[in-house]
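Peer 1: Structure of the sequence below:
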Amino acid sequence: MAKAVGEVIIDIEKCKGCELCIEACPEDTLALANAINKKGYRYAEVVANNCTGCANCAIICPDACITVYRLIMKKIA
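Peer 2: Residues are numbered from 1 along each chain as shown. Presented below is the predicted three-dimensional model:
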C-alpha cells in the first residue's frame, strides 16, 4: 500500500493569519506562529510532519500563499 506524504510551503510575508488553512487541515499540520511577519500579522506555520498532501490548506487560502507538494511513498515489504 502506498502512503501519500505532503510538504507545505507557506509564503509567510503574504500570510495574514486568517487561520482558514489551520481549520481546513485534517491532520493538524498547521498552527499560528508566535512571531509576526513584516505586515504585523501572526502567520501560519507547519508544526507537525504529518502532511498527506491533501492541499485543503492551499485551496482555501484567500491570499494564495500556500503551496503543497505531494509525493507517493511506496511501502517496501
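Peer 1: If you count neighbours, what's buried in the strand or helix carrying residue 57?
Peer 2: Assigned by DSSP states H and E, residue 57 falls within helix 56-60. Across helix 56-60, burial judged by 16 or more other C-beta atoms under 10 Å covers 56, 57, 58. Just so you know, the C-beta spots here come from the backbone N, C-alpha and C atoms, and that holds for glycine as well.
Peer 1: need the contact list for the second one.
Peer 2: Contact analysis of residue 57 by C-beta atoms under 8 Å, 6 or more residues apart in numbering lists 8, 21, 22, 24, 25, 29, 30, 44, 66, 68.
Peer 1: What is the neighbour count of the closest residue to the last one other than its chain neighbours?
Peer 2: The spatial neighbour of residue 68 that comes closest, neighbours along the chain excluded (C-beta to C-beta, 6 or more residues apart in numbering), is residue 55 at 4.3 Å. For residue 55, the count of nearby residues is 18 (other C-beta atoms under 10 Å).
Peer 1: who's in contact with residue 55?
Peer 2: 6, 68, 70.
Peer 1: Next: residue 17.
Peer 2: Contacts of residue 17 (C-beta under 8 Å, 6+ apart): 32, 41, 42, 43, 44.
Peer 1: hmm, try it at 10 Å
Peer 2: Contacts of residue 17 were listed using C-beta atoms under 10 Å, 6 or more residues apart in numbering, and they are 32, 33, 36, 37, 39, 40, 41, 42, 43, 44.
Peer 1: likewise residue 23?
Peer 2: 30, 56, 57, 60.
Peer 1: now the residues you listed as JSON lines including distance to residue 15?
Peer 2: Formatted as JSON lines, the contacts of residue 23 follow (distance: C-beta to C-beta, whole Å):
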{"residue": "30", "distance to residue 15": "10"}
{"residue": "56", "distance to residue 15": "16"}
{"residue": "57", "distance to residue 15": "11"}
{"residue": "60", "distance to residue 15": "13"}
